[in-house]
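> Give me a 3D structure for the following:
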Amino acid sequence: MPALATAASMLVLAGCSGADSAELDSEEWPGPTSREESDQIFMDCLAEMGWEVEQMPDGGFTPGEIPPEQGDAYSEATAECSPLALPRPENFTQDEWQEWYESLMETTRCLEEEGYSFPDKPTVQQFIDGQGEWSPYGDLWDSGTVTGIGETELLYEICPEQEFWPSPR
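Residues are numbered from 1 along each chain as shown. Presented below is the predicted three-dimensional model:
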């Protein structure tokens, strides 16, 4: 998901209950509107490609054991399925963009109170023009300011970054 480019979000992708592939390919389909819907889309796509994944109690999923010789094939499958499981920013309303941006600025202010700085944080228009690809945690990782999962998890407890899902259409 745009702006979910944080370490924790990258570890767990994706759901839609019962959406068929024709619906998912539609240019007018706004994408999933919840983590549950996103997870289901992602798992269904992988299953269609022959990969078994299991739902985890925390809402994520696990593929189980992937034999080393099948690692590249699994990576290709996840790369193909991931875009289907993400919200489609081109379908967001102006109010949804504003709400998403404000939620990220709230997280940014919290992180600034913890001593981190964000000299390149976007304006709302830059955020929209960039299709929501900015997040404060992604910025910390990209700059090398935060380099470990443990530090990220600790910061998430103090300054959570809310997931943003557009309203159902």
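
> Can you give me the domain boundaries for the protein?
Domain assignment for the chain by automatic domain parsing gives 12-88, 91-158.

> Quick check: chain neighbours aside, which residue is closest to M105?
Nearest residue to M105, sequence neighbours excluded (CB to CB, 6 or more residues apart in numbering): K121, at 7.7 Å. The C-beta positions use only the backbone N, C-alpha and C, and glycine is treated the same way.

> all strands of the protein, in order?
54-55, 61-62 (DSSP state E).

> pLDDT score for P160?
Listed pLDDT for P160 reads 93.

> Please report the distance of it from R35.
P160 sits 14 Å away from R35, going by CB to CB, to the nearest Å.

> These two: which is more packed in?
Neighbour totals were compared for P160 and R35, and R35 leads with 20 against 14 (other CB atoms under 10 Å).

> does the more buried one really touch W165, like I thought?
Yes: counting by CB atoms under 8 Å, R35 touches W165, with 7.3 Å between them.

> Look up the closest residue to Q131, ignoring the ones flanking it.
Using CB to CB, 6+ apart, the closest residue to Q131 is P89 (4.5 Å).

> Which among the strands of the chain is found nearest to E48?
Taking CB to CB, strand 61-62 is the member of the strands of the chain nearest to E48, at 14.7 Å.

> helices and strands around the closest one, which ones?
helix 35-48, strand 54-55 (3 or more CB pairs under 8 Å, 6 or more residues apart in numbering; DSSP states H and E).

> Would you single out the least confident of the domains of the chain?
domain 12-88 (a mean of 75).

> what's the spacing between G144 and E151?
Here the criterion is CB to CB. By it, G144 lies 12 Å from E151.

> More neighbours: the two, which one.
Per other CB under 10 Å, whichever of G144 and E151 has more neighbours is E151, with 13 against 7.

> For that one, give me its contacts.
Neighbour list for E151: empty [criterion: CB atoms under 8 Å, 6 or more residues apart in numbering].

> begin at 54 from here
OK, 54 is where the count begins now, so the last one is E204.

> how near is it to I211?
Distance of E204 to I211, computed by CB to CB: 11 Å.

> Please apply the same query to Y127.
For Y127, the distance to I211 - CB to CB - is 34 Å.
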